[in-house]
Each structure stands twice: as C-alpha cells, then as structure tokens.
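Chemist: got a predicted structure here, sequence first:
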Amino acid sequence: MSTLPFPTADRSSTLTGETADPFRLPRSHEEWVALYQYRLDAYYGETYTQTLIKDLQLFRALDDNGKVIAITRRLFRDVTFVVDVATSALALDQLTLTPTDGASQADADLARAIWKRSQPERFAEGWARTLTACGDFALEPVRFRRNKGPGTIGFGTRIVGHDPRTLYMEYDDATGTELERVIITHQVLGEALVDNKGQVQEDGELVITQRTLTASNITVTVQDDGHDARVDPIASGNHKLDAVPLVHLACIPFTESEHSLWVGLGLDRPLAEIDSLMSQISAIGDRFGNPKLVVIGAKVGDDSKISRFGRILNIHGAAPEVLAAVKVSYLEPGLQATAQLAERIDKMLAQVRDTLPEFLFSGSAAGMSGEALELLSTRYVAKYTSIRARAYGGIERALGMAVAIEREIPYDPGANPITVTGPELLPAKIAAMIESLIKAKDAGLINEVDAIAHSQRLGLASDDLTAEAYVDAMKEDAPEVLPMPEVLPMPDDGEEQA
C-alpha cells in the first residue's frame, strides 16, 4: 500500500453487513487490494496466514505448551494451473492486428507500430497472468520522451500495463460505465549503492510516483523521502483525448464497475479444505516417523534425557508392584485413518475439477467419456470467448487512444483503427485445418485473403503484413509462367520424317 492516502470514496461502501468469512466480497478499496494480494500469493504458492487459518478453521497441531507444531500448507497447485491455462487461452503475445473496415492504412500502420513498440513478447503474458489471477488490469497509452538525433527530442507512445493493486478508479455515478478519474500509485526505490562484488551496500531512497488521469489532464506528482510531493511539469498537462487515457480490463464482470472476478471463482474454499486434510495426513506421517515417548508410572524430571533414542530407563527404589506398573513406550499414530482422508481428498478434488473447464487439459480429464469431454470443451470455449472479447476490445481501445495521442486529436471510441484477433482457443490439428482451408477455397467458400488470415491466426503465416498485403506479396513473388510450346502432330507411318 502506498504511504499516500487513497481517496475514501468507493461504490462498495454502500454495502452493509459484517461477516467473518474471509472470502466474502470486499467492501472497500483496501479490502480489494488485500484480495488482489491474496490472489497473487495463492498463485505463487505462498502459505496460508495464521489469521486465514483461524478464520477458515483449518488444521493446526499444538503441543502441550500451546505452540504450533504443524499448520495447513498450500500443497496443491490448482490455482497456478487454472491461471496458467487462462493465460495461455488469452494468448496476448500471439495476437493478429488487422485494419478495421473504413480505417486509414496510415492509422492502422501506426497502431501496429505502437503495439510492437510496447514489446508484447516481453510484457503481454504477464498482463494476462495478472488479469486472470486478480480479475482486473489496466492498459494506459503513455507518451515517452525519446531521442531522435543530436539536439532533438521526440515523443513515442506505447502501451503499459498497471497492476490492480496500484489503481484507484472512479466511474460516473449515473450509469457506472464511464471512467471519470484514475489514480495510479507506484512505490519504487531510487539508485542503490552497489559495491564491486555486486552486493547492495545501501538501498536507494523510496520514491512515490502518482499519476492522476482525467478526461482532460494528466497530473504526475513525485514524492521523495522526507520531501513533500511535487508536480512533474514535463509529464503533466493536457492530453487532448477528451477521455480518460486508460482502459480497464475486466476478467469476469460482476456487480461493481471498478472490480471484477478472477477465472477460478469458487475454488478458494474447497481448495483450502483439501489443503487442510492433506496437511493432516502429512502431520500423521511426521508423527509416525518421529513418535512421542510416553512414560507411565514414573516421574520424569524436565531435565531428563530419556527422550534420546536407545537410552534405557532404570527406576530404583520402588515397590515391586510399582515397578511392574511402569511402562515406557512410543506413541505411534495409526495409519489406517490416512487412507480415509486420502479417499475424501480424491473425491473433493474430482468434484472441484469437474466444475472448472480449465482442467480439460489435465490428467483428470483423461478418463472422461467423449460426451463429458465435449461438454467441458464447450464450456471452456464459451468462457474464454467472452473473456477474450473483453481483453481484445480493451487492447483495440488502448491502441486507438495511443494513435489519437500521437496525432494530438480527440479520441473517437467508434473509430479504432485495429481489430485484434487471437489463435484458436482449442489446439487444432494443423494438417486437418490446412486440408479444410484448401477444400473451402477450392469450393469458393472463402477467398485467398480469408485463407491467409486464418493461416495467420494458426501461426502458419507471418503476421507482419495484413492478409491483403500478404496476398499481393505472394503474387509479386510468384514466378512467371511461360506459355507451353506448340506440340506438332505426329506424322503418319508412311510420311517422310525430317
């Protein structure tokens, strides 16, 4: 969280009711930021916090002194798997950009140049991963200063992504559909002192940069340690778009305009229970491998070393009947219960994975019937067709804004110069797809441009050119076809042959 205060206005503040459920819908901006952090922690496999373990009543083992000796750990990577499949489904680093009908070729070429300048091969996959894990993301067309030559300074616009933890967004009160103000807060460390061995000797000072975007202006403030925030006059000013220069990407929209849901909705609670059960099995196994020593009928001092393996306990000075009652043994848990726990875990995992179409690509789908696989495939395509439409439409708007910034003209939401498409959602058999394209073209169902466009989406043809330009280049590169030489008729057997 930033040290700068966030605005307190929040559309969710009108909700009422208190509950201890940690997975309830957040009711404030700070709670949403905490939820985003939890989502990323779950993706990276971070352990459950003590507070979360208590709220969800997950497994904890305590010793005689109340000290925690075993807790629930995150042992299954279902969250990581679902997010990785979703990231692959979006394929933001494999997009095809084609000119929109009616758009000028110059604007389309500029949009493609801006997208290439934005380095999607480096950043786009991370954008998709954060969007699908958290549910929200944002794209901003930013004008950067760059040197064009000695003594000259030019500007270049590219698309940058913003983590939802750094965002505060306000939509209009009337409809909740139009962005009115966005505040982006970043905390970074300045230059650090590094020795000749590459070790950091002194961290740089904390610098807080805050960008406030409205439909008319961009205001950038910078705050160093021990100093008041100051406005950066070069990065601030009128952007001439007549629209907030930011696109909010919503993974799965819900009741609030500012926040959305992640791709694995409903996975948290059952997976926490499964991790709790698996941690119990792990604790039983640990106790079986390291059993607790039990002494009955004898008093053992705290400084005794009888817990050492192999030590023989001798008890002197007691009556024979007392000595006969003394028992020393190891308390070993039975492993029979672990089989029942494992069976319950298998059933819960199967139920959870049957409801998430992402597990179409896991081993758990291998034993499904053909009809079940078809249903799961249909749900997968339906789910990610919608998510793709929102993400690709957001990229189209961001590129349209970037072109308007370069042209220094107002942004027209209905005149985006580029249409964004991605590869097929389900892996296709390339040979069969090529055969289908050839048959469709020969039958006159599609033309050469359609065939090239489809080949570009499959990754068979380069997307450096539009489909139309690709066809023209193919015609130019085609070898000249010479006319066939005239074939003279064969002479009769009786005629003289020259």
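Modeler: Done, it's in.

Chemist: now do the strands in the stretch 1-150 of the chain.
Modeler: Across the stretch 1-150 of the chain, reading from the start of the chain, the strands by DSSP state E, counting those that start in this stretch fall at 60-62, 68-71, 96-99, 136-149.

Chemist: mind giving me the domain split of the protein?
Modeler: Structural domains assigned to the chain are 292-331, 428-478, following automatic domain parsing.

Chemist: for the closest residue to residue 161 other than its chain neighbours, what are its contacts?
Modeler: For residue 161, the nearest residue in space outside its immediate sequence neighbours is residue 127; the separation is 4.4 Å by CB to CB, 6 or more residues apart in numbering. Glycine gets a C-beta too; all of them are placed from N, C-alpha and C. Counting by CB atoms under 8 Å, 6 or more residues apart in numbering, residue 127 touches 92, 137, 139, 161.

Chemist: what's the closest of those residues to residue 468?
Modeler: For residue 468, the nearest member of the contacts of residue 127 is residue 92. The distance, counting by CB to CB, is 24.4 Å.

Chemist: identify the residues contacting the spatially closest residue to residue 107 that is not a sequence neighbour.
Modeler: Nearest non-adjacent residue to residue 107, counting by CB to CB, 6+ apart: residue 417, 3.8 Å away. Applying CB under 8 Å, 6+ apart to residue 417 gives the contacts 99, 100, 103, 104, 107, 108, 110, 111, 399, 400, 403.

Chemist: tell me the one of the residues you listed nearest residue 34?
Modeler: Relative to residue 34, the closest of the contacts of residue 417 is residue 399; by CB to CB it sits at 32.7 Å.

Chemist: for the helix or strand hosting that closest one, which positions count as buried?
Modeler: Under the assignment given by DSSP states H and E, the secondary-structure element containing residue 399 is helix 370-407. By neighbour count on 16 or more other CB atoms under 10 Å, the buried set for helix 370-407 is 376, 380-381, 383-384, 387-388, 390-392, 394-406.

Chemist: any of the contacts of residue 417 buried? List them.
Modeler: Applying 16+ other CB under 10 Å to those, the neighbour count classes 99, 100, 103, 107, 108, 110, 111, 399, 400, 403 as buried.

Chemist: which member of the residues you listed is positioned nearest residue 88?
Modeler: Using CB to CB, residue 399 is the member of the buried ones among the contacts of residue 417 that lies nearest residue 88, at 22.6 Å.

Chemist: and that closest one, what is it in contact with?
Modeler: 97, 111, 114, 115, 141, 159, 416, 417, 418.

Chemist: let me know the closest of those residues to residue 38.
Modeler: Using CB to CB, residue 159 comes nearest to residue 38 of the contacts of residue 399, at 27.6 Å.

Chemist: that closest one sits in which helix or strand?
Modeler: Element membership for residue 159, per DSSP H and E: strand 152-162.

Chemist: any idea which helix or strand comes after that strand?
Modeler: Under the assignment DSSP H and E, the closest C-terminal helix or strand after strand 152-162 is strand 167-171.

Chemist: got the CA positions of that next one in PDB?
Modeler: Listed next in PDB are the C-alpha coordinates belonging to strand 167-171 (Å, rounded to 0.1, in the frame of the first residue of the first chain):
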ATOM      1  CA  LEU A 167      -5.100   1.500  -9.200                       C
ATOM      2  CA  TYR A 168      -8.000   3.600  -7.800                       C
ATOM      3  CA  MET A 169     -10.800   4.100 -10.300                       C
ATOM      4  CA  GLU A 170     -13.900   6.200 -10.200                       C
ATOM      5  CA  TYR A 171     -16.800   5.700 -12.600                       C
END
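
Chemist: just checking: what are the partner strands of it?
Modeler: For strand 167-171, the paired strands and their directions (DSSP bridges) are strand 179-189 (antiparallel).

Chemist: flag every buried residue along the partner strand.
Modeler: For strand 179-189, a neighbour-count test (16+ other CB under 10 Å) marks 179, 181, 182, 183, 184, 185 as buried.

Chemist: and the residue nearest to the second one when sequence neighbours are not counted, how many neighbours?
Modeler: Think residue 181. Leaving aside its chain neighbours, residue 181 sits nearest to residue 170 (4.5 Å; criterion: CB to CB, 6+ apart). Per other CB atoms under 10 Å, the neighbour tally for residue 170 reads 19.
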